[in-house]
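**Student:** next come a sequence and a model predicted from it.
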Amino acid sequence: MRSIIILLSVLSGICLSTVVAASTVVGGGTVWEATDGDINTFNFNSTHSFKIFDDDNSGLNPSLGYLLLQDFDKLTVENLDTNWRMTNLAGDSLILTDSGYFRIGIYDGAGWAGDTSYIPYGGNSGYQLEFLGGAATLMVVDVQPVPVPAALYLMFSGMLGIAGLVRRRTRK
């Protein structure tokens, strides 16, 4: 009985650390991926500056590399074996390491912030991204959000099953 309680404690700690890591990712905005070889962006708020960051850059730190988005930009996405290259219309590029996943950030005067929410439009490949609580928006076409891994859901369902077994054994 004691070993089951210790096992549950360890697994609970793992689950909680996974949830904390997932909420950290959300703090840097949604992780996106391109659905085809190009991405179109439409910035109707020219007072704000938007940049593309690698998905590993959850703090949206510009010193780790970025790609500036123009007001109406088209980004090409090219597979380089394990890495990906994004290039804007100005010819600037950013290498995305290990995947084609990326984040979009906005400068709010004090630092870079990720999107706070997004709304699908125009089918499954277009989104209106909201930043700074809706104070700024960016339209993005030919992208999709990267889903939370199924392993997270499986881990939580396994934890519930183990908790149910422990409860059943303690009642007998």
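**Tutor:** Cool, got the structure.
**Student:** where along this structure do the helices fall?
**Tutor:** With helices called from DSSP state H, the chain shows them at 2-27, 150-171.
**Student:** what's the least confident stretch among these?
**Tutor:** Note on the helices of the chain: lowest mean pLDDT is at helix 2-27, with a mean of 47.
**Student:** excluding chain neighbours, what is closest to Ser49?
**Tutor:** Tyr107 (4.8 Å; C-beta to C-beta, 6 or more residues apart in numbering). In this view, the C-beta of every residue, glycine as well, is placed from N, C-alpha and C.
**Student:** now the residue nearest to Leu67 when sequence neighbours are not counted: how far from Arg169?
**Tutor:** Counting by C-beta to C-beta, 6+ apart, Leu67 lies nearest to Leu94, which is 3.7 Å off, once chain neighbours are set aside. Distance, Leu94 to Arg169, by C-beta to C-beta, to the nearest Å: 54 Å.
**Student:** more neighbours, those two?
**Tutor:** Counting neighbours by other C-beta atoms under 10 Å for Leu94 and for Arg169 shows that Leu94 has the greater number, 19 against 10.
**Student:** surely the more buried one touches Trp84?
**Tutor:** No - between Leu94 and Trp84 there is no contact under C-beta atoms under 8 Å: 9.0 Å.
**Student:** contact partners of stretch 110-118?
**Tutor:** 27-30, 51, 53, 60-62, 103-106, 127-134, 138, 145 (C-beta atoms under 8 Å, 6 or more residues apart in numbering).
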